[in-house]
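[1] A predicted structure for the sequence below; I have some questions about it.
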Amino acid sequence: MKRSGTADLPLHYGKVPPWLYERMSALGLSIMEVILMDYGKDEVLRRLADPFWFQSFGAVMGMDWHSSGITTSVMGALKRAINPNSQSLGIYICGGKGKFSRETPAELIRIADKTGLDGNELVKASKLSAKVDNTAIQDGYQLYLHNFILADNGSWSVVQQGMHESDNTARRYHWHSENIKSFIEQPHTGINGVSRGKILNLTDVDASENRKGILDISHTDSAQIMSDFSRLILPAHHDVQASDVDLRRLGALLYVTREQQPQNFEDLLMLEGVGPRTMQSLALVSEVIHGAPSRFNDPARFSFAHGGKDGHPFPVPTKVYDESIHILKKGIEKSKLGNSDKLKTLNKLHKVIEDTEKNFTPDFDIQQVIEEERQNSWRFGGKTVFGDAQKPEKPKSIQLTLF
């Protein structure tokens, strides 16, 4: 599952408002719990080491779909939610932004004392991954965030991000212990950032004679390496446009959740009574949990679950967000008691939409969908960093024809 990549990440400043941060922590924890139950700890680490999945995960949580702020906010929310439950989950998150990144070694030693893992080796892995990305790859980006995600079986992933001083862009680097044979040759699972032409990369496999002990990483031109090297290119524009989304997948999602009814699908009867708007969000949450890696090449699509804090593509529908969290939590609780029907239904919802995609031809205007969401935002408790969504004085007449 080695996937490497680059992506343009516009650098965004500002803080996540408390009303969103609380929900991100709750939803992030629930999603991680379901992945742990269905796929295990190693899959959690593999997902976090996948640049495409990570960006989609942040978008489904209501963050700005294309910005570098997803990294800081998602990892912060996960650390806040997961660490109090680490003993039962078997997952620990260390480090963070700025001064918190420097606390990683001490955090790892404390965890090692509890779990019996080799703390010195974990600290070495943390320091080497940061050293490689900050020194061995001279691409103009200075690291300012370092998160080390550790499972109690000794597996780990690293998510870290650097800032370019001159052009307000960021580059995110992903590591995964499963794929590492050497810290000085081809260690990454992914590198996200703005393409800046040629860079000095002392980790290239052809630089072995020049390294002489310097920590390195490689991106060779070999066919094998390039076949694994995906490029996630995130545009500078803030709004979501048709070119940012797989319209066939989005159209099938809207058709199933808006036009169909749960009673039409025997497998979905457990969701009867759930409104179409919540079904839309749950379907995208389910895809983040159960979707194959190839389904995350358009992170913007996942912003149609819970919008974005800056209002793109539409304000965060807090009532829908809360219902999504409630349904997930209820499903997790029942699953722990031996009744996993509701969680299985979410997986089946994803499969129903996948099946619908096969023969679906998109015939709709994505801007109409976005406009409809904005017009109805006040009904769903829509919020942005600028304030609450207001009821339109004269609602526009929108005829939304998807099919």
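    Done, it's in.
[2] can we go C-alpha only for contacts and neighbour counts from here?
    Will do.
[3] State the number of residues packed around the residue lying closest to residue 362 once chain neighbours are set aside.
    The spatially closest residue to residue 362, leaving aside those adjacent along the chain, is residue 248, at 5.2 Å (C-alpha to C-alpha, 6 or more residues apart in numbering). As a burial measure, residue 248 scores 18 neighbours (other C-alpha atoms under 10 Å).
[4] quick one: contacts of the one helix or strand residue 248 maps to?
    Secondary structure assignment for residue 248, by DSSP states H and E: helix 247-254. Residues from elsewhere that reach helix 247-254 (C-alpha atoms under 8 Å, 6 or more residues apart in numbering): 280, 283, 301, 353-354, 356-357, 360-364, 402.
[5] Tell me the first helix or strand C-terminal of it.
    helix 276-290.
[6] Pull the distance from that following helix to the chain's centre.
    Computed by C-alpha atoms, centre = their mean, to the nearest Å, the separation of helix 276-290 from the middle of its chain amounts to 14 Å.
[7] contact partners of that helix?
    For helix 276-290, using C-alpha under 8 Å, 6+ apart, the contacting residues are 31, 34-35, 53, 56-57, 60, 253-254, 257-258, 302, 304-306, 320-321, 323-324, 346-347, 349-350.
[8] And the helix or strand just after that helix, what does it pack against?
    The helix or strand immediately downstream of helix 276-290 is helix 303-306, counting by DSSP H and E. Applying 3 or more C-alpha pairs under 8 Å, 6 or more residues apart in numbering; DSSP states H and E, we find helix 303-306 packed against helix 51-60, helix 276-290, helix 318-336.
[9] Can you convert those helices into CSV and add a column each for mean pLDDT, mean neighbour count and distance to residue 150?
    Formatted as CSV, the helices and strands packed on helix 303-306 follow (pLDDT from 0 to 100; neighbours: other C-alpha atoms under 10 Å; distance: least, C-alpha to C-alpha, whole Å):
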stretch, mean pLDDT, mean neighbour count, distance to residue 150
helix 51-60, 94, 26, 16
helix 276-290, 95, 23, 19
helix 318-336, 95, 19, 23
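[10] what's the spacing between the residue nearest to residue 362 and residue 9?
    Per C-alpha to C-alpha, to the nearest Å, residue 248 is found 25 Å from residue 9.
[11] Which parts of this protein are strands?
    Using DSSP state E, the strands of the chain run over 4-6, 9-10, 91-97, 137-138, 141-151, 156-164, 169-176, 188-192, 200-201, 229-231, 316-317, 382-384, 387-388.
[12] and among those strands, the most buried is which?
    Across those, averaging neighbours per residue (mean count of other C-alpha atoms under 10 Å) puts strand 316-317 on top, at a mean of 32.
[13] partner strands of that strand, parallel or antiparallel?
    According to DSSP bridges, strand 316-317 forms sheet pairs with strand 382-384 (antiparallel).
[14] Outside of the partner strand itself, list whatever touches it.
    By C-alpha under 8 Å, 6+ apart, strand 382-384 touches 308-311, 315-319, 388-389.
[15] Among the contacts of helix 247-254, which pair sits farthest apart?
    With distances taken as C-alpha to C-alpha, the most widely separated pair in those is 283 and 363, at 20.3 Å.
[16] got a list of what residue 143 touches?
    Here residue 143 is in contact with 130, 133-134, 160-163 (C-alpha under 8 Å, 6+ apart).
[17] Now tabulate those residues in CSV and tack on distance to residue 372 and pLDDT.
    CSV is the format used below for the contacts of residue 143 (distance: C-alpha to C-alpha, whole Å; pLDDT from 0 to 100):
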residue, distance to residue 372, pLDDT
130, 45, 88
133, 44, 77
134, 45, 77
160, 37, 90
161, 36, 91
162, 37, 89
163, 36, 87
